[in-house]
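In: Got a predicted structure plus its sequence, pasted below:
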Amino acid sequence: MGTAINEAVEIWDSVKEELKKTVPETSYPWIMPLEPVGFENDTMTLLTGASFAVQVIKKHHYQQIMDAFKAVTGREIKFEIIVDSKKSEELKKQTEKINKKYFDKETRERAMDNLAIMQSAANLNLKYKFENFVVGENNKMAHAVAFAVAQEPCKKYNPLFIYGGSGLGKTHLMQAIGHYAIFHHPKMKIRYIKTEEYVNELINNLRMGGNSNERMNKFRQKYRNVDILLIDDIQFVESKTHTMEEIFHTFDTLYNKGKQIVITSDRLPKDIPTLTDRLRTRFEMGIVVDLQPPDLETRIAILKNLADNERIEMPYDVCEYIAKNFCDNVRELEGVFNKVSAYSSISGEPLTLDFAKNILKCEENKKKITINEIAKVCAEYYNVTLKDLKSTQRSQTISQARQVAVYLTRETTGMSYVNIGEFFEKKHPTMLFSYEKIKSELVTNRVLREDLREIKQALKLEM
Ligand code: ADP
Ligand code: MG
């Protein structure tokens, strides 16, 4: 069950990228928040909170989406869109709140715009608010500073630089600032961007017509004409000189006008090796705060919060069991929570400690093997180095070793292609391709099957 969803999410992410080439930005609010929830028989099921989105897409973007699926997967993929009442309720509540709060048309429209931009940026982002952020020792400082920035943007902490490992709440905190501002500073213009998307947008603009045309001006204005700029995952600028140049000028323009800038990153500015010095010094100019992994107490509180929000009865011993066994990051914790609660609701069985243990048992075993171990054994087996696997070298042996490692990681750890890609320093579609390649080759290639058997043996994986 989980794997199909992961695959759907990854394909859909690539399709969204592809769609940016053909779909006008005004339609993003309908398309980008669609959430893949199923993928079977080459049909993808997408969820929306806005019933209007179904009409817009059917009428204007149907073919573009079909083409994008084809471009990404090389196959004809069908899709269906269903309206999720819970999401739609939430969206309606937000819009009503804005309508009630602001009487003049202009302010209302600005607030709606801001909401749509936040909406179009990421899935499930309606819940990324301060109210849903559990504060513990690990994130106390980051939370306090983020909240201060939300209350009084452009005052004390500028820029705000938030860093921390994957799944620890960077995006959540950053969007919480945006959500707060929508309701408390409606006159301000807010823009949230993922660095990866910014890079793509920039490249597309350059490809379509050089450096100094109207397109580029419009692109620049979009980010320089705002009051609060939220830049997510800045580590993606690494080595992209042109992007760094653009961001540098955007930064200075905004900063000199006294506008608020918030940046997140998975590491400190000084640990992004190819970041230009002038950008680094700017990022360090304001305040730098970190997010650490949550301690046991905070993990229990996060689970409790999730259960309350979903109105699910989760006994304390179940919370404790999950919190003790899954401690890497909050995203993982949420994944486990979703799994347990989904199984319980599908089977109709009460969520007891035994029930949870039973469901999570296999995961615990699987957790023992890491991507690093798999990669090391694969490298050894094919007589190459770990560094080779992470390099861009494509000699046959290296490619083979890398692809087998990707395949095994995916099979045994269930890690997402994005995270696998992070490890091998490759894009996630490449990882998806590697997995698929080995999977189909295994059917016909006896030598490969034998290789895999031996590697699994070396890893002490059951066959
Ligand atoms: P990052 O951007 O650091 O990779 P996210 O902000 O996407 O991480 O967080 C991953 C998930 O964990 C999100 O669903 C988010 O809502 C949740 N989360 C993270 N930190 C907290 C927290 N302190 N309280 C509640 N939920 C959290
Ligand atoms: Mg993030």
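Out: Good, I have the coordinates. Note that this is a predicted model, so its numbers are computed, not measured. Residues are numbered from 1 along each chain as shown. Ligands and ions are numbered 1, 2, ... in the order given.

In: Can you check the pLDDT for the closest residue to L168 other than its chain neighbours?
Out: Among residues not flanking L168 along the chain, L291 sits closest, at 4.2 Å (CB to CB, 6 or more residues apart in numbering). The way it works is simple: take the backbone N, C-alpha and C, and place the C-beta from them, glycine included. As predicted, L291 sits at a pLDDT of 94.

In: Identify the bridge partners of L291.
Out: Counting by DSSP bridges, L291 forms beta bridges with G164.

In: number of nearby residues for it?
Out: For L291, the tally of surrounding residues (other CB atoms under 10 Å) stands at 23.

In: Could you measure from it over to ligand 1?
Out: Here L291 is placed at a distance of 7 Å from ligand 1 (CB to the nearest ligand atom, to the nearest Å).

In: Surely that residue is in contact with K170?
Out: Yes. Using CB atoms under 8 Å, L291 is in contact with K170, at 6.2 Å.

In: Pull up the overlap in contacts between these two.
Out: Contact criterion CB atoms under 8 Å, 6 or more residues apart in numbering; residues shared by L291 and K170: 162-164.

In: for the residues you listed, which one is nearest ligand 1?
Out: Using CB to the nearest ligand atom, G164 comes nearest to ligand 1 of the shared contacts of L291 and K170, at 5.8 Å.

In: Residues of the stretch 51-200 of the chain that sit close to ligand 1?
Out: Contact residues, the stretch 51-200 of the chain versus ligand 1 (CB under 6 Å from any ligand atom): 128, 132-134, 139, 164, 166-172.

In: can you name the two of those residues that are farthest apart?
Out: Greatest spatial distance in those: N132 and S166, 19.0 Å, computed using CB to CB.

In: check contacts around the residue nearest to L168.
Out: 138-139, 142, 162-165, 168-170, 173.

In: Give me the buried subset of the residues you listed.
Out: Buried by 16 or more other CB atoms under 10 Å: 138-139, 142, 162-164, 168-170, 173, out of the contacts of L291.

In: quick one: what helix or strand has L47 in it?
Out: Using DSSP states H and E, L47 falls within strand 43-48.

In: Pull out the buried residues from the next helix-or-strand element following that strand.
Out: Next in sequence after strand 43-48, counting helices and strands by DSSP H and E, comes helix 51-56. For helix 51-56, the neighbour count (16+ other CB under 10 Å) marks 53-54 as buried.

In: Show the average pLDDT along helix 51-56.
Out: 80.

In: what does it contact?
Out: 27, 30-31, 34, 48, 81, 83, 88.

In: and the residue in the stretch 1-150 of the chain positioned nearest to ligand 1, what element?
Out: For the stretch 1-150 of the chain and ligand 1, the shortest gap (CB to the nearest ligand atom) falls at V134, measuring 3.6 Å. Assigned by DSSP H and E, V134 falls within no helix or strand.
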